[in-house]
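S.K.: Next input, structure requested:
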Amino acid sequence: MSALGQLNPSSPAAKAKGLEEDIHRQAALRKASFKRGEKWKIALWGLVLPLLALVIWQTLSGLELVSQTLFPSPLSIAKEFAAMVQSGELLGHLQVSVKRAAYGFLLGGSLGLLAGLLVGLRNKAEYMLDPTLQMLRTVPHLAITPLFILWFGFGEMSKILLISLGAFFPLYVNTFLGVRNVDSKLFDVSKVLEFSRFQQITKLVLPSALPNVLLGLRLSLGVSWLGLVVAELMGSSEGIGYMIQDARQFSRTTAVFVGIIIFAVVGKLADSVVRQLEERLLRWRDNYKG
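M.R.: Now for the predicted structure:
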């Protein structure tokens, strides 16, 4: 009889169950709405300092307290930005730079991830590879750039390899640290469960090392942009770095500021994408939020 009552949609039990589901659904919607509100609040807090700086900057420029040639006003930079977008000059250079940074990051980042896993999992690999890699990590980009130009010329190869070199080390170091921070007892459990080496890496090592790997990913993206600037300033015929260098030679300070702001905005957008990825993949962490 009770089973028949549960199957009947008009029974009290079914109504109570439907009401409970509605309450849970509304609670989930309120929680999602609250999270969206918190994100907007955080974004607004992040805009306070840049907007304040722009207001002060524009005020000083309007009062002619700073040189317009050396430090143009935000309004004149905005006009230059609009003119470069309309002419197509900015979008063409931006497309080239993003493509170079993406190729270099994918090459260097994936090699850094693989090397970090190898060195983290194998002591012999650490003894053999880590001293040399740590030594190379301390060599500045500017010191290596002339060699890359001599070896690979002024073409795309030298620029992509220079960017990939910068992207390699943050992911390598953080992946290595993430692997070594995995609880050794988990490896004992994996042996009891008879995990293969591949299962150890995919089900144990990578999930445990994920916070460090994502941190390395963020750092690698930042260094990729730095490498891109160095590569394009040293020798290039297109790209945002070339645009800045060309504008400097003709004293187009507004165009120089446009290039710098583009680098900052695109770099921030890439970092924000990785932060969103962190929030989704690391929901299980119960860390201090401040």
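S.K.: going forward, measure contacts and count neighbours with C-alpha atoms only.
M.R.: OK.
S.K.: Please identify the helix or strand for Val66.
M.R.: When elements are assigned from DSSP states H and E, Val66 belongs to no helix and no strand.
S.K.: Check the gap between the nearest residue to it once chain neighbours are set aside and Val48 for me.
M.R.: Spatial nearest neighbour of Val66, excluding adjacent residues (Cα to Cα, 6 or more residues apart in numbering): Leu60 at 6.4 Å. Taking Cα to Cα, to the nearest Å as the measure, Leu60 falls 18 Å from Val48.
S.K.: Pick out whichever of the two has more residues nearby.
M.R.: Neighbour tally, Leu60 and Val48, criterion other Cα atoms under 10 Å: the higher count belongs to Leu60, 14 against 10.
S.K.: helix/strand/coil for the more buried one?
M.R.: Here Leu60 is recorded as helix under DSSP: H, G, I helix; E, B strand; the rest coil.
S.K.: on that earlier part again, per-residue confidence for the residue nearest to Val66?
M.R.: With respect to pLDDT, Leu60 has a value of 86.
S.K.: same question, the one 4 residues further on
M.R.: Glu64 is assigned a pLDDT of 79 by the prediction.
S.K.: got the residue ranges for the helices in the stretch 1-150 of the chain?
M.R.: Assigned by DSSP state H, counting those that start in this stretch, the helices in the stretch 1-150 of the chain fall at 2-7, 12-62, 74-87, 89-121, 123-137, 141-152.
S.K.: which of the residues in the last one are buried?
M.R.: Right, the one you point to is helix 141-152. Neighbour-count burial for helix 141-152, with 16 or more other Cα atoms under 10 Å as criterion, is recorded at 141, 145, 148-149.
S.K.: What is the nearest of the residues you listed to Leu114?
M.R.: The closest of these to Leu114 turns out to be His141 (Cα to Cα; 22.2 Å).
S.K.: can you tell me how far the closest one sits from Gly166?
M.R.: Applying Cα to Cα to His141 and Gly166 gives a distance of 8 Å.
S.K.: Kindly report the same for Leu219.
M.R.: Noted for Leu219: a distance of 10 Å to Gly166, by Cα to Cα.
S.K.: tell me which residues in stretch 196-210 are buried?
M.R.: Across stretch 196-210, burial judged by 16+ other Cα under 10 Å covers 200-201, 204-210.
S.K.: I should have written stretch 180-190 there, sorry.
M.R.: Residues of stretch 180-190 classed as buried by neighbour count (16+ other Cα under 10 Å): 180, 182, 190.
S.K.: what's the answer for stretch 127-140, then?
M.R.: 130, 133, 137.
S.K.: One more: stretch 170-181?
M.R.: Neighbour counts over stretch 170-181 (16+ other Cα under 10 Å) mark 170-180 as buried.
S.K.: Which pair in those residues has the greatest spatial separation?
M.R.: Largest pairwise distance in the buried residues of stretch 170-181, by Cα to Cα, is 15.5 Å, between Pro170 and Arg180.
S.K.: Redo the buried residues of stretch 170-181 as CSV? Include distance to Arg248 and pLDDT.
M.R.: What follows is the buried residues of stretch 170-181, written out as CSV (distance: Cα to Cα, whole Å; pLDDT from 0 to 100):
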residue, distance to Arg248, pLDDT
Pro170, 32, 93
Leu171, 34, 93
Tyr172, 36, 94
Val173, 37, 94
Asn174, 37, 94
Thr175, 40, 93
Phe176, 41, 93
Leu177, 42, 92
Gly178, 43, 91
Val179, 46, 90
Arg180, 47, 88
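S.K.: Take those residues and keep only those in helices.
M.R.: Of the buried residues of stretch 170-181, the ones assigned to helices by DSSP state H are 170-180.
S.K.: so which of these would you say is closest to Ser251?
M.R.: Pro170 (36.0 Å).
S.K.: and the closest one, how far is that from Trp225?
M.R.: Distance from Pro170 to Trp225, by Cα to Cα: 13 Å.
S.K.: and if you look at Ala167?
M.R.: Distance, Ala167 to Trp225, using Cα to Cα: 9 Å.
S.K.: More neighbours: the two, which one.
M.R.: Ala167 (33 against 25).
S.K.: Can you give me every residue that contacts the more buried one?
M.R.: 104-105, 108-109, 112, 219-221, 223-224 (Cα atoms under 8 Å, 6 or more residues apart in numbering).
S.K.: Next, format the ones in helices among the buried residues of stretch 170-181 as CSV and append distance to Leu277.
M.R.: Below are those laid out as CSV (distance: Cα to Cα, whole Å):
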residue, distance to Leu277
Pro170, 18
Leu171, 16
Tyr172, 19
Val173, 20
Asn174, 17
Thr175, 17
Phe176, 20
Leu177, 20
Gly178, 17
Val179, 20
Arg180, 23
